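Q: got a predicted structure here, sequence first:
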Amino acid sequence: MRTLAKVIGKSRVHDLDDDRFEKLGERICTEIGKVVDARLPSGSAYANLVSWVTGTSRDHPVEIFTTNYDLLLEEAFEAVRAPYFDGFVGGREPFFDPVSIANGDLPARWTRLWKLHGSLGWCKGEFEEVIRSGKSSATHLIFPKHLKYDQTQKAPYAALFDRLKIFLSSHDTLLISIGFSFADAHVAARIDEGLASNPLASVFAFQFKSLADEKGASAVPCWQSSTRQQKAARRHLSRQRTSVWLSCAAALPSAY
C-alpha cells in the first residue's frame, strides 16, 4: 500500500489514487495495532523471562532481538523497574541513536531490546525520521511482504540488523531462540551467516514442533554441526554474551 501510494500519483488502481491508498494503509496499520496492543497478564512468561534476565549479575548485557510489534517486553521490564535500552534516547520525542547501539557502552545491567521489524509507538517525526511517540500507534511497522528486505536496509532497521551481526561475531556468544520458526529467510540468513563466520557462536533453538517438522529451522546449514552443539551445552550463561531471540508470544514456555 505504502509503496504503491508513492508511485501511482493521481492515477487509479482499483479505483484508488495515491491519497486513498495512503489512507487505506493507515487504516490497516490501525487495525493491526488494535490486535497487537495487548496488556501483560499477571504471571506471564514475559515476567519469567525478565526475572531470568535480571536475576544475576552479568559481565555482558543480555540482548533481546524480536520481530514482535507489541509492548509486552517493555511492560514486563518496567513492572520490576529493570532498565532496558531500545536504541531511542530523549524525553519529548525520543529519537533513534545508532551510535549508542554500535558502541554498546551502557552498563551491563541495562538489557538491550532490539525490535527488528519496528514497534507500536514508532512513527515519523518532523523530518521523516523515526521517533518513539510513547503511544500505541502502528504507523511504522515492517509487514511480511516481498519488499521487506528493502525496508530493513533503511534507518533504523539497518542499524538493528547490524547489531545482530555484531552480536553473533562476538567472542563466545550464545543466541537463545524462542518461538522463531526461521521461516523469515532474511533473518534466518543473517543468523546462519553469523554462525558460519564465528565458530565460537552458538544457538539454542526452542521449537514448537519436532525438528523434522520445523522446515525453516532444519534448513539452516549451521544446525548440522554437532561440535557447535556440544560447545554450547558446556557453557554458562552468566559468564558469556547472551541474547534471546523472541518471536512468537504464544510459543513462550511457562517457566525458565
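A: It's in. A quick note: this is a predicted structure, and the numbers were derived from the prediction, not measured. Residues are numbered from 1 along each chain as shown.

Q: the nearest residue to residue 156 once chain neighbours are set aside: neighbouring residues, count only.
A: Closest residue to residue 156 apart from its sequence neighbours, by CB to CB, 6 or more residues apart in numbering: residue 96 at 4.2 Å. The way it works is simple: take the backbone N, C-alpha and C, and place the C-beta from them, glycine included. Residues lying near residue 96 (other CB atoms under 10 Å) number 22.

Q: just checking, residue 96 touches residue 86?
A: No. Look at residue 96 against residue 86 with CB atoms under 8 Å: they stay out of range, at 9.1 Å.

Q: what is in contact with these two at once?
A: Contact criterion CB atoms under 8 Å, 6 or more residues apart in numbering; residues bridging residue 96 and residue 86 by contacting each: residue 132.

Q: can you tell me how far the residue minimising distance to the centre of the chain sits from residue 59?
A: Centroid-nearest residue in the chain: residue 66, 2.3 Å away (criterion: CA atoms, centre = their mean). Residue 66 sits 23 Å away from residue 59, going by CB to CB, to the nearest Å.

Q: repeat that for residue 127.
A: Noted for residue 127: a distance of 39 Å to residue 59, by CB to CB.

Q: next one: residue 37
A: According to CB to CB, residue 37 stands 36 Å off from residue 59.

Q: these two: who's more crowded?
A: Legend: neighbour count by other CB under 10 Å for residue 37 and residue 59, higher for residue 37 (16 against 9).

Q: for the more buried one, what are its contacts?
A: 70-71, 120, 136, 138.

Q: of all those residues, which comes closest to residue 164?
A: Nearest to residue 164 out of the contacts of residue 37 is residue 70 (CB to CB; 19.7 Å).

Q: nearest residue to the closest one in space, please, no chain neighbours.
A: Nearest residue to residue 70, sequence neighbours excluded (CB to CB, 6+ apart): residue 36, at 4.5 Å.
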